[in-house]
Every structure is written in C-alpha cells, then in structure tokens.
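Peer 1: I would like to see how this sequence folds:
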Amino acid sequence: MRLEGTIAHPGRSESEYCVVIAITNEQGEKIARHVVGVGALAPGERHKFTFSVDVVPARPAGKR
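Peer 2: Numbers count the residues shown, from 1 in each chain. Below you'll find the predicted structure:
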C-alpha cells in the first residue's frame with residue numbers, strides 16, 4: 001500500500017502540523033498510535049508526504 005498527499009498553507013502566518021499513524025484491527029480496536037513527524041509551514045509553503053506499508057514474510061523465531 002502506498003499513499004501520497006500534499007498539504008498547503010494558505011494563511012498569512014506560520015502553522016504547525018504533525019504526522020500521526022494509527023493502526024487498528026478488524027474490530028476497530030487501536031493497536032498502535034505514533035506521532036512520526038512534526039513541522040511547520042510558512043505562508044504559501046507546501047509539503048508532500050508519502051506513506052507506505054510493506055508486507056514481508058516472517059522470519060523463523062530463532063533467526064530474529
């Protein structure tokens with residue numbers, strides 16, 4: 001899975017943002033929530049974000 005998006009700041013003063021990732025199971029129960037980045041946007045500035053999830057085979061317990 002891969003998602004891309006852009007945020008833009010149309011205001012006249014600096015703004016702050018945070019990037020939050022939340023993982024839930026099939027029942028909607030929260031498994032994890034992490035803030036992975038914070039930053040600031042100046043007026044007229046744009047930031048692009050890319051998020052991806054890679055699924056790989058699990059390693060045997062003795063080889064971790």
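Peer 1: Quote the end-to-end distance of stretch 10-30.
Peer 2: This stretch, stretch 10-30, spans 33 Å end to end (Cα to Cα, to the nearest Å).
Peer 1: Show me which positions of it end up buried.
Peer 2: Within stretch 10-30, no residue is scored as buried using 16 or more other Cβ atoms under 10 Å. Just so you know, the C-beta spots here come from the backbone N, C-alpha and C atoms, and that holds for glycine as well.
Peer 1: go on, stretch 40-56?
Peer 2: Buried, per 16+ other Cβ under 10 Å, within stretch 40-56: L41.
Peer 1: hmm, who's touching it?
Peer 2: 1-17, 19, 21, 39 (Cβ atoms under 8 Å, 6 or more residues apart in numbering).
Peer 1: Which helix or strand lies directly C-terminal to the longest strand that the chain contains?
Peer 2: The residue-count maximum for a strand in the chain (DSSP state E) belongs to strand 30-41. Downstream of strand 30-41, the next assigned helix or strand under DSSP states H and E is strand 46-52.
Peer 1: partner strands of that following strand, parallel or antiparallel?
Peer 2: Neighbouring strands of strand 46-52 in its sheet, by DSSP bridges, are strand 2-8 (antiparallel).
Peer 1: The helix or strand just after the partner strand pairs with which strands, parallel or anti?
Peer 2: Downstream of strand 2-8, the next assigned helix or strand under DSSP H and E is strand 15-24. Sheet pairing of strand 15-24 (DSSP bridges) gives strand 30-41 (antiparallel).
Peer 1: mind listing what the closest residue to V38 other than its chain neighbours touches?
Peer 2: The spatially closest residue to V38, leaving aside those adjacent along the chain, is C18, at 4.7 Å (Cβ to Cβ, 6 or more residues apart in numbering). The contact partners of C18, by Cβ under 8 Å, 6+ apart, come to V35, G37, V38, G39.
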